[in-house]
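Novice: what's the 3D shape of this:
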Amino acid sequence: MTSDLFVWIYLPESDDPVVAGRIEIASTAANPVGYFTYGRSYLDRSDAIPIDPVALPLRKGETLINDLGGYPAAVLDACPDTWGIRVINRLIGQREIPRGYLLLNDPGRSGCLAFSESPNQPPVELASREFPLADLLVAAEAVETDTPVDQELLRALHPGTGGARPKCNIVEDNAVWIAKFPSADDKLISIPRLEHATMSLARRCGIAAAETRLREIDGKDICLVRRFDRVVTNGRIHRRGFLSARTIFHADPSYARLGTGSYQRIARWMPRFGVTLDARLELFRRLVFNVVIRNDDDHELNHGLVHLERDAFALADAYDMVPGFNRREVHRHALLIGESGAGTVGNLLSVSDAFGLDRDNARKILNDIETSVLDWWRESFYEAGLGDDDLNRVSGVFKRIPD
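Specialist: I've put the predicted structure just below:
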């Protein structure tokens with residue numbers, strides 16, 4: 001059995017998508033395999049850009065995909081995650097994963113791709129009118145508590161947006177923002193306020209972190225995170241391509257055999273996506289920052305690249321940075337650092353060469369970031385409106401990186 005899915009792309013500064021290619025998924029006795037083919041008319045365009053410059057470069061013929069259920073990793077980056085799937089299930093019922101969720105073309109999804117079942121059938125976007133942020137907060141709470149909610153409000157939650165926590169998209173001050181709501185599971189501290197505080201601390205430490213803002217509605221905190229894959233020009237929203245670290249990993253044939261994602265693998269493969277070598281230094285600084293704040297939710301979907309031009313990408317702004325709460329001496333991170341995921345000085349220095357650093361310079365960066373975090377975290381958290389009780393709950397996190 002086979003099934004087709006047509007991939008459309010919003011080219012830079014364009015308002016409407018054009019068909020770029022086709023994915024054919026074939027069932028086999030073992031696992032599904034996929035075949036991706038660019039359309040000839042797309043390859044003939046002078047402004048065509050690759051969906052993935054490494055795994056899916058602009059060329060004629062089929063590309064075999066024998067992992068991830070036959071879907072290119074770059075395509076799966078456009079698929080809703082846990083929260084989006086939950087909203088879509090409330091909106092129209094459960095779909096086939098990932099196909100059914102890809103076909104629900106929500107404008108909140110990552111990157112610049114859209115999908116349809118025919119090359120002559122442009123993607124139909126999920127549309128809704130604008131609602132006040134207070135109404136969207138109530139709708140998100142209704143999804144979490146499985147209580148009735150208006151269907152148009154569900155559409156306005158932009159279920160294409162990734163991640164597991166409740167959220168939606170809004171436009172403010174000529175930019176698109178992800179509004180991250182509190183969750184019913186938040187018991188001890190306001191996670192939206194904590195995220196804003198941590199991202200502010202990251203920027204204070206010289207990390208290129210996405211801009212954040214705080215909103216408060218009826219005593220509930222909302223963290224706004226500025227999207228780096230959207231550009232608003234003359235009131236129109238334009239999309240930029242986005243590739244997660246998962247896509248970087250799956251472009252490496254050896255990854256399929258080993259299945260081990262690591263910071264050093266991102267650093268070594270970024271230049272193949274046109275990312276400048278200087279970005280390796282920025283990635284190392286983020287790695288050190290994540291280790292200092294014990295952020296062990298630093299998985300492959302929480303790092304990415306954003307499209308610049310043609311087949312060149314840049315390291316996207318840092319996002320989803322929140323301290324870990326477990327008071328362990330050594331935290332294990334979602335991505336490997338050296339030979340393990342342990343956040344230690346030894347592990348950090350062991351991978352310095354992957355980032356173009358010798359051990360002395362790597363140690364200097366480590367010391368600078370560590371000192372900055374330990375010197376400024378209290379001030380940054382107070383400025384974000386967190387109180388003494390909040391700081392006491394996370395104070396055990398902020399200590400020297402173990403050797």
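Novice: now for the strand or helix carrying Trp377, which elements pack on it?
Specialist: Under the criterion of DSSP states H and E, Trp377 resides in helix 359-383. On a contact count with 3 or more C-beta pairs under 8 Å, 6 or more residues apart in numbering; DSSP states H and E, helix 359-383 meets helix 191-204, helix 278-292, helix 345-350, helix 388-394. Glycine gets a C-beta too; all of them are placed from N, C-alpha and C.
Novice: how much does it deviate in direction from helix 191-204?
Specialist: Per axes from the mean of the first three to the mean of the last three C-alpha atoms, to 10 degrees, the angle that helix 359-383 makes with helix 191-204 is 140 degrees.
Novice: what's next to helix 359-383, contact-wise?
Specialist: 197, 200-201, 204-206, 281, 284-285, 288-289, 292-293, 345, 348-349, 352, 355, 357, 390-391, 394, 398-401 (C-beta atoms under 8 Å, 6 or more residues apart in numbering).
Novice: quick one on the thing from earlier: reformat the helices and strands packed on helix 359-383 as CSV; add mean pLDDT and mean neighbour count.
Specialist: As requested, the helices and strands packed on helix 359-383 are arranged in CSV below (pLDDT from 0 to 100; neighbours: other C-beta atoms under 10 Å):
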stretch, mean pLDDT, mean neighbour count
helix 191-204, 98, 23
helix 278-292, 97, 22
helix 345-350, 96, 18
helix 388-394, 95, 14
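Novice: dump the ones you listed into a markdown table; add distance to Val171 as well.
Specialist: Listed next are these as a markdown table, based on distance: least, C-beta to C-beta, whole Å:
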| stretch | distance to Val171 |
| --- | --- |
| helix 191-204 | 19 |
| helix 278-292 | 28 |
| helix 345-350 | 39 |
| helix 388-394 | 30 |
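Novice: figure out which of the ones you listed is closest to Asn66.
Specialist: Closest approach to Asn66 among those (C-beta to C-beta): helix 278-292, 28.9 Å.
Novice: could you check the angle that closest one makes with helix 359-383?
Specialist: Relative orientation of helix 278-292 versus helix 359-383 (the same axes, to 10 degrees): 60 degrees.
Novice: contacts for helix 278-292 next, please.
Specialist: So helix 278-292 is contacted by 202, 205-208, 263, 266-267, 270, 295, 298, 303, 314-315, 318, 321, 331, 333, 337, 343, 348, 352, 354-357, 362, 365-366, 369-370, 373-374, 398, 401 (C-beta under 8 Å, 6+ apart).
Novice: so what's the gap between that helix and the chain middle?
Specialist: Distance of helix 278-292 from the chain centroid (C-alpha atoms, centre = their mean, to the nearest Å) equals 17 Å.
Novice: after that helix, next one along is what?
Specialist: Counting by DSSP H and E, the next helix or strand C-terminal to helix 278-292 is strand 304-309.
Novice: export that following strand as CSV, just CAs?
Specialist: Below are the C-alpha coordinates for strand 304-309, written out as CSV (Å, rounded to 0.1, in the frame of the first residue of the first chain):
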residue,chain,number,x,y,z
GLY,A,304,17.4,24.5,15.6
LEU,A,305,18.4,26.4,12.5
VAL,A,306,16.5,29.2,10.8
HIS,A,307,16.6,29.9,7.0
LEU,A,308,18.6,32.9,5.7
GLU,A,309,18.8,32.6,1.9
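Novice: and it, what does it pack onto?
Specialist: strand 242-244, strand 312-315.
Novice: among these, which comes closest to Thr276?
Specialist: strand 312-315 (7.5 Å).
Novice: and the closest one, what other elements does it pack with?
Specialist: By 3+ C-beta pairs under 8 Å, 6+ apart, strand 312-315 packs against helix 278-292, strand 304-309.
Novice: C-alpha coordinates for that strand, CSV please?
Specialist: What follows is strand 312-315, C-alpha atoms only, in CSV (Å, rounded to 0.1, in the frame of the first residue of the first chain):
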residue,chain,number,x,y,z
ALA,A,312,22.1,28.8,4.0
PHE,A,313,20.8,28.6,7.6
ALA,A,314,21.7,30.3,10.8
LEU,A,315,21.6,29.0,14.4
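Novice: let me know the average pLDDT across that strand.
Specialist: Mean per-residue pLDDT for strand 312-315: 98.
Novice: ok, and what's touching that strand?
Specialist: With C-beta under 8 Å, 6+ apart as the test, strand 312-315 has contacts from 53, 208, 241, 243, 270, 273-276, 279, 282-283, 305-308.
Novice: and those, which two are the farthest apart?
Specialist: Pro53 and Ala208 (21.9 Å).
Novice: neighbour count winner among those two?
Specialist: Legend: neighbour count by other C-beta atoms under 10 Å for Pro53 and Ala208, higher for Pro53 (22 against 16).
Novice: residues touching that one, list them.
Specialist: Applying C-beta under 8 Å, 6+ apart, we find Pro53 in contact with 272-274, 311-313.
Novice: looking at the protein, which helix or strand does the model trust least?
Specialist: Least confident helix or strand of the chain, by mean pLDDT, DSSP states H and E, is helix 253-258 with a mean of 76.
Novice: can you show me the CA trace of the helix or strand just after that helix as CSV?
Specialist: Downstream of helix 253-258, the next assigned helix or strand under DSSP H and E is helix 263-269. C-alpha atoms of helix 263-269 as CSV (Å, rounded to 0.1, in the frame of the first residue of the first chain):
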residue,chain,number,x,y,z
TYR,A,263,25.9,18.9,21.2
GLN,A,264,29.1,18.1,19.4
ARG,A,265,27.2,16.4,16.5
ILE,A,266,25.2,19.6,16.1
ALA,A,267,28.4,21.7,16.0
ARG,A,268,30.2,19.5,13.5
TRP,A,269,27.2,19.3,11.1
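Novice: gap between helix 263-269 and the chain center?
Specialist: Centroid separation for helix 263-269 versus its chain: 17 Å, with C-alpha atoms, centre = their mean.
Novice: elements contacting that helix?
Specialist: Helices and strands touching helix 263-269, as assessed by 3+ C-beta pairs under 8 Å, 6+ apart, comprise helix 245-250, helix 278-292, strand 332-337.
Novice: reformat the ones you listed as a markdown table; add distance to Leu224.
Specialist: Putting the helices and strands packed on helix 263-269 into a markdown table (distance: least, C-beta to C-beta, whole Å) gives the following:
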| stretch | distance to Leu224 |
| --- | --- |
| helix 245-250 | 24 |
| helix 278-292 | 21 |
| strand 332-337 | 25 |
